[in-house]
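**Q** My questions concern the predicted model and sequence given below.
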Amino acid sequence: MSPLRLRSWTGRTGDGEDELAETPAKHDDAAGAGGSLALSVRNLRTVYELGHATVQAVRDVSFDLRHTERLGVVGESGSGKSALALSILGLLEPPGRVAAGEVVLNGRNIMGLSERRLSSIRGREIALILQDPMSALDPVKTIGAQLQQAIAVHNPQLRRSALRRRAVELLGEVDISHAERRLDDYPHQYSGGMRQRVAIAMALANNPKVLIADEPTTALDVTTQAQVLSLLDRLVDEHRAAVILITHNLGIVSEFCDSVSVMYAGRLVESSSCEHIFMRPTHPYSEALLRCVPNPERLVEGPLPAIPGFPPDLSALPAGCTFASRCSVGRELAICHERVPSRQVVQGPVGDASVECHFARERAAGAPR
Amino acid sequence: MSSGPLTLAANDGIVAEMPAVATRRGGLRWLLSAVLGDRRLAVPALVLTAMLLFAIIAPLVWGQSADAQNLVASLQAPSLAHPMGTDQFGRDIFARVAEGARISLLDGTLIAVVGALVGGLIGLVAGTIAGASDTVLMRVMDAILAFPPLILAMAVTVGLGVGLRTAAIGSTIVLIPWYARLVRSDAIRIRSLPFIEAAHAIGASRKRIIFRHVVPHVMPTLAIQISAGFAYAVLLLAGLSFLGLGAQIPTPEWGAMITDGLTYSLTGQWWVSVFPGVALLTTVTAASMLSDRLRDVLDPRSSGRRG
Amino acid sequence: MSGVVSRRLLGSLGAIFGASIIAFVIMRVLPGNPARLILGPLAPRSTVHALNAQLGLYKPIYVQYWRYISHFFQGQWGYSYSEGAQVRTLIGERVPATIELALFAFLITMLASVGLALLVTYRRRPIADRIVRGIAYLGFGTPPFFVSLILLIVFFSILKILPGPEGRLGAQVLPPPAVTHLYTVDALLAGEPGKFLEALEHLVLPGLALGMANFAFLVRLLRANLLEVSREPFITVARGKGLRRWTAFRRHALPNAFLPTLTAGGLVLGEFLAGSVLVEKVFNWPGVGSLVYEAILKQDFSVVQTFVLLSAVMFVLVNLAVDLLYAVIDPRVRVKSVTTA
């Protein structure tokens, strides 16, 4: 089946029921290894200092990632998702910087390590895949050179021939035919999908246990998206890596992830299992996002709805809940415009969710939507 | 500032819809408000205005003539009576620099404007009519561009006879292909825009399309390039005069004045050459800065790039 | 590949042809009396008449053009009446000095512009960035002869740490044995470090003056390119692989930023050609530039004519070389040209 079709978590169709029953076991070793975390982010705060204004891209974000867990981070562009990814890896360029927080990778805090120490961790323990395969590869270096660089940087003892052999292997692993010959091609000779597969190969070259994929399929056409996603799915399983998948596409989350965090204006406003969010989106923003996903079953209901208004200016955040002015629940309510909602853990029909909304409890207990 | 994580306020339309924001670019009023509304333009514009006022007013109110010799008072250091000192003939350098400002500003403007008009016309014809006239015109432009600019201007003055006027002609010829290429590529780009094709489709005449649509769109580019061309023209003229090909003795042209003072500069009388030089570099720097900033304001896509 | 090469070659030939016609028209047709131009105002009328006949001015214009252009390419550049020598000999004698100066200027220009562009983009120091941009503006707005003057006033007259306008060597110093005719190289070859330093000292100020405009241009171009390239995702990806920031910058940002600056090669050469005329004069540098300047002063235009057309030919050839080099280095162009061949 197409990985992009949104599974029907609402259980309205028989097909959906089957999958619902099957899915929690999808990566049940994730739950089994719950004791030790692959990655833990604590109170991360990232700002861009632009001289005239300070943009708060990530505001006090915390989450845990278990071994082999797949976490989807969902939000509009501009919600701080990419800044979050770069902050975790310590790859922010000025004027951006991490103002506070900890990133605990395999049990040690890597925040504030020197560039030398960090560079020995990047690519080996934690790796990155970026959105745009057109610009993620250096246009004037061969694919082979870039792959071999990824291997060599953490294996300085390897000889050229060994590096080349390993690079051919990696290309083969991501289903690029005639790998030996295509190694000496330049990026522009590859299609978008092939380039993204090369990017995946580079990221997995050193068997990292955490993979951050920032919109890995957004720039691709729909068929290629499906291929790349299923390849990623297979390889992540084989390498037993945990994944943070950053996307604005809820279809991909439903297909690929175990858990999901919804990001809005630099904060994770709702974190839960995939089942929860698709069945009982508790934060009004999550619900609105979900309603915007094209769903074949809902086409009859009329045009695709959109969330009214714009995300707030991250350099001049409003008082109270940042979503209040666009919220179907709290737009008119004084409490939403005055008080910042605190994080609440609520019990939904399929497990817990932690939600930042004044009405989280009522909404979690309410009727399915 | 258009890529990377800095576009934090952008919205991507998949999740929320975004209203189509139509900003009109082009038009004189828009140009004016863009220029006046930008602080970064103020500094170079102010410097150029000051230089212009200096050129107009100083020779009128300053009591001393640019040509009056006074051998008793030769090579005097800057003082109250002679704020920039005197040269080897006792001429007041302040008066000469002011007179030189008139020459440079006037000739520079003339060269830039004539070059822009001729070059713009050539570019417009080549870009809108295409075909054989395009090929011929652009080959001629390529031939001119085959010379290093100053050297072609040099050749023209040598061939037509030395003097300020031929130096100006030489400088204009150098600038023409520069404008022509710019306007041509702009015209070609605009010609292929959907709304021009639509105008074609509804039967608008070529003349109408050129004057109603292409010309107004080319104007901002040309405006920027006139100030860049002005800077270059002033520089070329000074270079030619420095070589003795432009202004002739005793015309107080800045380049010629620098040549004049060369030998004295190294024996301590630095003011003879330095003041005209400072006037020259102030004018050229301000004008090229103005054109750069105009480009940033009028065409945000090209900010930071050059060449 | 060959398709692109031949197209470029043809274009360059066309440009040289066009340039030669322009030079011919400007310097042979437009002036009422080319022989007078060449011989100068003091030459007797009969000599002028004889030279006019010798130049073929009484023949049809296409014959004149053919003579002009074929003589040029055969190296028959005429006779300089003021110097009393063949123009080719004169230029030949002066070329090494100009080449040494231009090479030196090129070297310091490249080092300074790459170094400073890197400094302000890699370290992202806003203040340093402002200073570099300011220098670039001033360098563009200051004519080379004025830069020369200021440098001389500061380093020779006031500080007295560098030699004045006395050419390639001090008055008492003999040139090293001629091998390459570049004094610095020859001095090293002859094992005379003192003479090497002497030659180098004399190169510094004219080199700086000649390189200033190019520096201003290149540092701005490089800075803009580096800023753009350093924001490219492939830099982030390279760092994500485990490359240190500097390594990623050096291996990926620099080559990509540097490639487009190659296209400025023609501009750089043009600046050197024109600049040499302006700068050599001030420093009494015995190169082609000062030869041309002296010829202008003496109204001896056979030298100027040759120099003008020679500059155009070199200018076109360098642009051609840059285009071809670009095609070899940049894989995107390279492969495209392979497929079109």
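**A** Sure, I can see it.

**Q** by contact count, what packs against the helix or strand containing B:L137?
**A** Secondary structure assignment for B:L137, by DSSP states H and E: helix B:131-145. Counting contacts by 3 or more C-beta pairs under 8 Å, 6 or more residues apart in numbering or on different chains; DSSP states H and E, helix B:131-145 packs against helix B:93-129, helix B:164-191, helix C:2-24. For every residue, glycine as well, the C-beta is placed using N, CA and C.

**Q** burial of the spatially closest residue to C:D186 that is not a sequence neighbour, as a residue count?
**A** Using C-beta to C-beta, 6 or more residues apart in numbering or on different chains and skipping the chain neighbours, the partner closest in space to C:D186 is C:P176 (4.1 Å). Residue crowding around C:P176 was assessed by other C-beta atoms under 10 Å in any protein chain shown; the count is 24.

**Q** The helix holding B:L137 - what's its average pLDDT?
**A** Taken as a whole, helix B:131-145 has a mean pLDDT of 89.

**Q** my guess is the residue nearest to C:D186 is in a helix, correct?
**A** No - assignment of C:P176 by DSSP: H, G, I helix; E, B strand; the rest coil gives coil, placing it outside any helix.

**Q** tell me the phi and psi of it?
**A** phi -70, psi 160 (degrees, to the nearest 10).

**Q** Any idea how many residues pack against residue 116?
**A** Looking at chain A here, since you left the chain open. 8.

**Q** please go with chain C instead
**A** C:L116, neighbours per other C-beta under 10 Å, totals 21.

**Q** which stretch among the helices and strands packed on helix B:131-145 comes nearest chain A?
**A** helix C:2-24 (16.7 Å; C-beta to the nearest C-beta).

**Q** Pull the residues that contact that closest one.
**A** With C-beta atoms under 8 Å, 6 or more residues apart in numbering or on different chains as the test, helix C:2-24 has contacts from B:139-140, B:142-147, B:152, B:155, C:64-65, C:68-69, C:72, C:305, C:308-309, C:312-313, C:316-317, C:319-320, C:323-324, C:327, C:337, C:340-341.

**Q** Would you map the strands across the chain?
**A** Reading this off chain A. A:37-49, A:54-66, A:70-74, A:96-105, A:108-109, A:126-129, A:210-214, A:242-247, A:259-264, A:267-273, A:343-348, A:351-356 (DSSP state E).

**Q** that's the other chain; I wanted chain C
**A** Under DSSP E, chain C gives strands at C:79-80, C:85-86.

**Q** Return the nearest residue of the stretch 101-250 of chain B with respect to chain C.
**A** Counting by C-beta to the nearest C-beta, the stretch 101-250 of chain B gets nearest chain C through B:A143, at 2.6 Å.

**Q** Turn the helices and strands packed on helix B:131-145 into CSV, columns for mean neighbour count.
**A** Output for those, formatted as CSV (neighbours: other C-beta atoms under 10 Å in any protein chain shown):
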stretch, mean neighbour count
helix B:93-129, 22
helix B:164-191, 22
helix C:2-24, 17
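
**Q** right, and the ones you listed - which one's nearest C:H252?
**A** helix C:2-24 (26.5 Å; C-beta to C-beta).

**Q** can you pull the pLDDT of the closest residue to C:A97 other than its chain neighbours?
**A** Leaving aside its chain neighbours, C:A97 sits nearest to C:G287 (3.9 Å; criterion: C-beta to C-beta, 6+ apart). As summarised for this prediction, C:G287 has a pLDDT of 94.

**Q** what does A:G144 give?
**A** You'll see A:G144 listed with a pLDDT of 93.

**Q** where in the chain is pLDDT low?
**A** By default, I'm working from chain A. A:1-35, A:294-305, A:367-369 (pLDDT under 70).

**Q** Chain C is the one I meant
**A** In chain C, residues with pLDDT under 70: C:1-2, C:32, C:333-341.

**Q** how's it carved up into domains?
**A** Per automatic domain parsing, the structural domains of chain C span C:2-86, C:93-334.

**Q** Would you tell me which one of the ones you listed is buried the most?
**A** Across the domains of chain C, averaging neighbours per residue (mean count of other C-beta atoms under 10 Å in any protein chain shown) puts domain C:93-334 on top, at a mean of 20.
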